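In: Have a look at this fold, sequence not included:
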């Protein structure tokens, strides 16, 4: 906290696309503000990725691979699709977003902070004792988190119950949607398929399963550990409307998909296969199971990552090089609050 | 819904059927109460609920993990879901209960049916006697085991009216309408003294339907000239330690009775509480064997094998009193 955050306030370079996030208004490619939406959301994704590096390094904790692969999806959802109120996270008319691959919460914490659910300076306390940002999210502590999780395969079923509950609430809640982002490796869990089965059975067309198909699970590649192909056929066989995103990092493709989904209430739940790259935008992490878990080893590495992300995105989006530099300098690896009288050496991941 | 026989409310004493009626009454009173079934409704008693509120029964099929996850989601839209399956299958959804429900502190009520031995010839797969070991150690979760039908109704109502997760253990067998008296009111976190002789020598601590066995054993002990006190603890979490301490200060020995194994459940609660307070008093345990599975057999054979009849309680009580006497010498 002693670092001067004012000198690199994000608001100089980025503000939410919508002035009122409680409303959804379609933006099509032939609209004047379409290009602005794409750029604005790309910029948000850039900052999310940067702050993800920042908080993981401060905490010496994190899951960079899965956090980086989901950034664009989260960015589009929060910047454009979801209706929510950061000042009133329990607003009863909100759309619901569940992150089921909870280990990838640094990206979610980043976007929540950038939308003002909590002070962005709290990100430095990710994983620290007494902070609200647990290593896996705790809904009873963190505003904007819909449910606690971390044990994989549970939240798709929760999303089914939520969508069913919204459906039962009747016409006044009919426009509310439930989105749940599921990991591809998470689809190894049988309970995920119980949820798919129930969603199809109840024809919950207010429910969207988003599958972050980054091809890598915790310790290896899906195709080697436990493959899920043919994924689209399986999902279709469970009575889901299946959509494939060729490049889950292409903002325009994501925006166009959500525009289509908005008009696709056809009595079936939707399942979106997002083809993504694990560790996207940081070369050493990409498609590399070794970077599923593990924060950057040290501050210097983190600074290199921040610079690489800036080279790929920040520069073209008009963010000055000063930003990643300052953010890198602001990193402080948070020490424990207590001394230990016993000679226990805990090397952090 | 004529698919299943609906037992006569005034005739049946089986707790599972009375539970179905009680839940149906609750749903009439509280519009947000729904039941969630994992394909066991005519066994668990939920078919009675379905008979009265067909639109309020959510079916998830044979998918216990999803039953709890869906209940969690329903509760987030303001519903009060009562998810019901066999208690034994809580082994299948323990993590959903632990993380999605308890860690998030959601308003989900779980009814574990067919607890313990009083279940018919079901065996190790469908009978449950080890589960309290984890259930009693889940933060935010309240665990209650009612002993008779009037109490069960009050427990369901308390669960519906108290925000947060509950786990309620329901037996299949016939139980009395009321084991205490008309004025008794269940209170979360409270036990109650139901038999109180002057200067009691032995204290019986029971939970759930073992209240019946405890009362019979108390009568037999009296006939032997032993003065008895019986405490009933329907609320296992939170647990009324003060009542245990109070009993321990008045009796010479304690015997716990539970429809569960003698490790991780009521005996452990009592023994841990006494040890932490430094109360040195012998405690005997009536319950099943933590080192064995429940094998298939008539309930009488199971009770005999596990030494859980009133005769066994009397024997255990006498042994405990002997230990206590030996301790004094």
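Out: Received, thanks. Remember, it's a predicted structure, so these values are computed and weren't measured experimentally.

In: longest helix in chain B, by residue count?
Out: helix B:310-328 (DSSP state H).

In: Quick check: buried residues in that helix?
Out: Buried residues in helix B:310-328, defined by neighbour count with 16 or more other CB atoms under 10 Å in any protein chain shown: B:310, B:312, B:313, B:314, B:315, B:316, B:317, B:318, B:320, B:321, B:324. Every C-beta, even on glycine, is put in place using the N, C-alpha and C of the backbone.

In: Same check on stretch B:13-23?
Out: B:14, B:15, B:16, B:17, B:18, B:19, B:20, B:21, B:22, B:23.

In: and residue 251, what pLDDT?
Out: You didn't say which chain, so I picked chain A. We have a pLDDT of 98 for residue A:251.

In: look at chain B instead
Out: Listed pLDDT for residue B:251 reads 98.

In: Same check on residue B:141?
Out: 98.

In: and it, how far is that from chain A?
Out: 14 Å (CB to the nearest CB, to the nearest Å).

In: Now do the phi/psi pair for that residue.
Out: Per-residue torsions, residue B:141: phi -80, psi 130 (degrees, to the nearest 10).

In: which is the next helix or strand following the one helix or strand residue B:212 maps to?
Out: Using DSSP states H and E, the element containing residue B:212 is helix B:210-223. Downstream of helix B:210-223, the first helix or strand assigned by DSSP H and E is strand B:228-232.

In: Please list the outside residues in contact with that following strand.
Out: Strand B:228-232 is contacted from outside by B:147, B:179-180, B:191-197, B:200-207, B:211, B:214-215, B:218, B:221-222, B:243-244, B:247, B:250-251, B:317, using CB atoms under 8 Å, 6 or more residues apart in numbering or on different chains.

In: What separation do you get for residue A:234 and residue A:209?
Out: Applying CB to CB, to the nearest Å, the value for residue A:234 to residue A:209 is 12 Å.

In: picking up where we left off before, next, format the buried residues of stretch B:13-23 as a markdown table and append secondary structure and distance to residue A:77.
Out: Below are these laid out as a markdown table (DSSP: H, G, I helix; E, B strand; the rest coil; distance: CB to CB, whole Å):
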| residue | secondary structure | distance to residue A:77 |
| --- | --- | --- |
| B:14 | strand | 50 |
| B:15 | helix | 47 |
| B:16 | helix | 45 |
| B:17 | helix | 47 |
| B:18 | helix | 47 |
| B:19 | helix | 42 |
| B:20 | helix | 42 |
| B:21 | helix | 45 |
| B:22 | helix | 43 |
| B:23 | helix | 38 |
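
In: out of those, who's nearest chain A?
Out: residue B:23 (17.6 Å; CB to the nearest CB).

In: check contacts around the closest one.
Out: Residue B:23 neighbours (CB under 8 Å, 6+ apart): B:33, B:35, B:45, B:46, B:48, B:49, B:82, B:156.

In: Just those: which are in strands?
Out: Counting by DSSP state E, the part of these found in strands is B:33, B:35, B:82.

In: Buried subset of these as a ChimeraX selection?
Out: To isolate the buried members of the ones in strands among the contacts of residue B:23 in ChimeraX, using 16+ other CB under 10 Å:
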select /B:33,35,82
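
In: got the residues of chain B near chain A?
Out: Residues of chain B lying close to chain A by CB under 8 Å from any CB of the partner chain are B:58, B:60-61, B:63, B:65-66, B:68-79, B:81, B:95-96, B:98-100, B:103-106.

In: ok now do residue A:8, which residues does it touch?
Out: Under the criterion of CB under 8 Å, 6+ apart, the neighbours of residue A:8 are A:322, A:323, A:326, A:327, A:330.
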